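S.K.: Sequence first, then the predicted structure:
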Amino acid sequence: MRSLLFCCLCRSLHLPGRPLQSPAHQITDVQFMTIRALLTELAQNAMLAAGIPAECEPHVAPSKNPAFGDYQINGAMGAAKKVGSNPRELAQKIVAELKLDGIAQKVEIAGPGFINISLDSAWLAKLLLDQPPYASLAQGLEPQTIVVDYSGPNLAKEMHVGHLRSTIIGDAVVRVLESQGHNVIRQNHVGDWGTQFGMLIAELEAQLQQDERAELALQDLEHFYQKAKKHFDEDQAFADLARQYVVRLQAGDAEVLKLWHKFREVSLAHCEEIYELLNVSLTPEHVRGESFYNPDLPVLVEELKNQGLAQEDQGAQVVFLQELADKNGNPSPVIVQKKDGGYLYSTSDLAAIRFRVGTLGAARIMVFSDARQALHMQQVYTIARKAGFASEQVKLEHCPFGTMMGSDGKPFKTRTGGTVKLAELLHEAVERASKVIQDTELTAEEKAEVARKVGIGAVKYADLSKTRTLDYVFNWDQMLSFEGNTGPYLQYAYTRIRSIFRKAGINPAELEAQLQLVEPQEKALALKLLQYGETVDQVAQEAMPHLLCTYLYDLASLFMTFYEACPILKDGVDVEIRNSRLILSDSVAQTLRAGLELLGIEVMEKM
RNA sequence: GCGCCCGUAGCUCAGCCGGAUAGAGCAACGGCCUUCUAAGCCGUGGGUCGGGGGUUCGAGUCCCUCCGGGCGCGCCA
């Protein structure tokens, strides 16, 4: 719980059952909370005072329809059923106990027992001035150590669209969590180990012997991989060498390791480039690849065996999970060691959990990976609990995402059916954005920067704005449109506000802090601004960035409506009104910028 | 066969522990620029929320069932 408002009423939380005495106008700065949290608490107190059992929740929610006020308490109906009384009468009793002086302008009972609250404009104005919503997210939260595993490309190949969702969704959630003051540890679980590296290293050595430089040979990783594969398939001697290299690699052979390091270095450099272009906060220090866990794997399997969790089956070491059995009682099998002695991703994922809990001190672990890995993650988490790698206190979360689809409804591919390279996709985005930008006053340099921010922002926003767990359809025209719920629309809304200040020659920081919410559009905008923290909280809890996108789009839309209805710099606007509307506009700009930053999307002054 | 996910306007999507006449955008149609960025705003039309049962004051939301689609299920990751 967190945020904007404060109130001494919170003390009553420690005195359950005791009626609330403090008049609301005495609200002072003791503890931050959102409007929703404040109203929930006040409603809960009123319900207790009305004799309703404590387990009945108030169910406070923002009203969907302006006719029903700003917030509504929906708990009266449920409570009435529980205590066996008339819901409308019970609502009356609750309202009689509600201490909303100075907060609400109107409280009404409607329908079967809804309690509709219209907030007081002066109160909203004061809140907005006292606690700018975009500036106080970290207030009052218990900081946690949270390990976030995202991106995790396979270093054998070039990054492709399959890595896009994990990378940008994970990065947005990471930024949201950090904004709340949590100790976030990024883990880029790259695929830098496994049999395919034998082949790649053999190929690299072959090319180095032909006086090729590693950087040059690996310039096009995709091409290099295909070449190695072809070589492997067609040349028996090469294939044998490759297999030999796998063994030497696993045995820690210095020469082979050196080549492996070289390969890894070049491949990682390629990832860094993509991250930078994408404005993703991952850096080399966050890389913790599969190879890191290699030494721990035999130890871990031995431990699973000793605990009686793993047993030999058809030559492999297998953990049978009764917890995940089908309805016929067949346990779910998880292989942790192959019959040839090799390990699998289950094994290194388990080692990763143990490391994250034991060494990194994670209280919460979030893994952003494809929805198709759901069963695997469930198996790994179940084993981790049983083996004691993670206690019940540690939250283990798989944050799955759906597949990126083309307009034909099938997985996104090139026209010829190949894998779409991420670098090419992103460059195309910038290229397309540069064609969409109309502003002729920008210099070539400015225009290039705007194109980059708009193009990359559009790709990210399109992805982030859809429900994470669903498949989503990739569509250039839609994401680069300035109409509707898109990145460019939000960036435009921001620049539009900045242009007001440019035109007026005013620095928002020097504005006199005074705000009056007279027109309905002004009040609606202020209320929306104050709900920023509620949204960010929810994104942090559920790892669902699309909620923030929806919020920012609503905010921008409300601003546009306000802007049409309420003149600011035009002739005949009273100075105080003008100042007030400038404050409101600036608050919107700051919130848009802060929100977009949490999504990893940049804004610009002009476009 | 077993399991997970999905089905909401022509299209792309929202819908917050069940809450009031199911919301946006695009597309269609009609308005609004001599004044703050019209890349905008205002309005109209458009729905058996896949079908059918059930739970209850109330179901797009929860349960069951059927239909349709996607994905996964011991030695790839």
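M.R.: Thanks, I have it.

S.K.: In chain A, what residue lies closest to RNA strand B?
M.R.: Nearest residue of chain A to RNA strand B (C-beta to the nearest atom of the strand) works out as A:Gly484 at 1.9 Å. (Each C-beta comes from the backbone N, C-alpha and C, glycine too.)

S.K.: Now that residue: closest residue in space that isn't a chain neighbour?
M.R.: If you skip the residues right next to it in sequence, A:Gly484 has A:Gln478 as its closest partner in space, 7.7 Å away by C-beta to C-beta, 6 or more residues apart in numbering.

S.K.: Report the secondary structure state of the residue of chain A closest to RNA strand B.
M.R.: coil (DSSP: H, G, I helix; E, B strand; the rest coil).

S.K.: quick one: contacts for A:Gln244?
M.R.: By C-beta atoms under 8 Å, 6 or more residues apart in numbering, the residues touching A:Gln244 are A:Gly198.

S.K.: can you give me the helices in the stretch 201-350 of chain A?
M.R.: A:214-217, A:221-234, A:236-250, A:254-278, A:297-306, A:345-358 (DSSP state H, counting those that start in this stretch).

S.K.: Kindly report the same for the stretch 1-150 of chain A.
M.R.: Listed in chain order (using DSSP H, counting those that start in this stretch), the helices of the stretch 1-150 of chain A are A:35-49, A:75-83, A:87-97, A:121-130.

S.K.: got it, and the stretch 401-550 of chain A?
M.R.: Secondary structure of the stretch 401-550 of chain A (DSSP H, counting those that start in this stretch): helices located at A:422-436, A:444-464, A:476-479, A:487-504, A:520-530, A:532-542, A:546-565.

S.K.: list the helices and strands the longest one packs on?
M.R.: On a contact count with 3 or more C-beta pairs under 8 Å, 6 or more residues apart in numbering; DSSP states H and E, helix A:444-464 meets helix A:164-179, helix A:254-278, helix A:422-436, helix A:476-479, helix A:487-504, helix A:546-565.

S.K.: Any residue of it touching RNA strand B?
M.R.: No: for a cut-off given as C-beta under 7 Å from any atom of the strand, helix A:444-464 has no contacts with RNA strand B; the smallest distance is 7.6 Å.

S.K.: Can I get that helix as CSV, trimmed to CA atoms?
M.R.: This file holds the C-alpha atoms of helix A:444-464, laid out as CSV (Å, rounded to 0.1, in the frame of the first residue of the first chain):
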residue,chain,number,x,y,z
ALA,A,444,17.7,16.3,-40.1
GLU,A,445,19.4,15.4,-36.9
GLU,A,446,16.3,16.0,-34.8
LYS,A,447,14.2,14.2,-37.2
ALA,A,448,16.4,11.1,-37.0
GLU,A,449,16.1,11.1,-33.3
VAL,A,450,12.4,11.5,-33.3
ALA,A,451,12.1,8.7,-35.8
ARG,A,452,14.1,6.5,-33.6
LYS,A,453,12.0,7.3,-30.5
VAL,A,454,8.7,7.0,-32.4
GLY,A,455,9.6,3.8,-34.3
ILE,A,456,11.1,1.9,-31.3
GLY,A,457,8.4,3.3,-29.0
ALA,A,458,5.7,2.1,-31.4
VAL,A,459,7.0,-1.4,-31.5
LYS,A,460,7.3,-1.6,-27.7
TYR,A,461,4.0,0.1,-27.0
ALA,A,462,2.1,-2.2,-29.4
ASP,A,463,3.4,-5.2,-27.5
LEU,A,464,3.1,-3.8,-24.0
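
S.K.: Now do it and helix A:487-504, the angle between them.
M.R.: Between helix A:444-464 and helix A:487-504, the angle comes out at 140 degrees (axes from the mean of the first three to the mean of the last three C-alpha atoms, to 10 degrees).

S.K.: Which pLDDT does the model give A:Leu137?
M.R.: A:Leu137 is assigned a predicted lDDT (pLDDT) of 69.

S.K.: now do A:Asp29
M.R.: A:Asp29 is assigned a predicted lDDT (pLDDT) of 40.

S.K.: do A:Gly140 as well
M.R.: With respect to pLDDT, A:Gly140 has a value of 67.

S.K.: Could you do A:Gly84 as well?
M.R.: At A:Gly84 the predicted local confidence, pLDDT, stands at 87.
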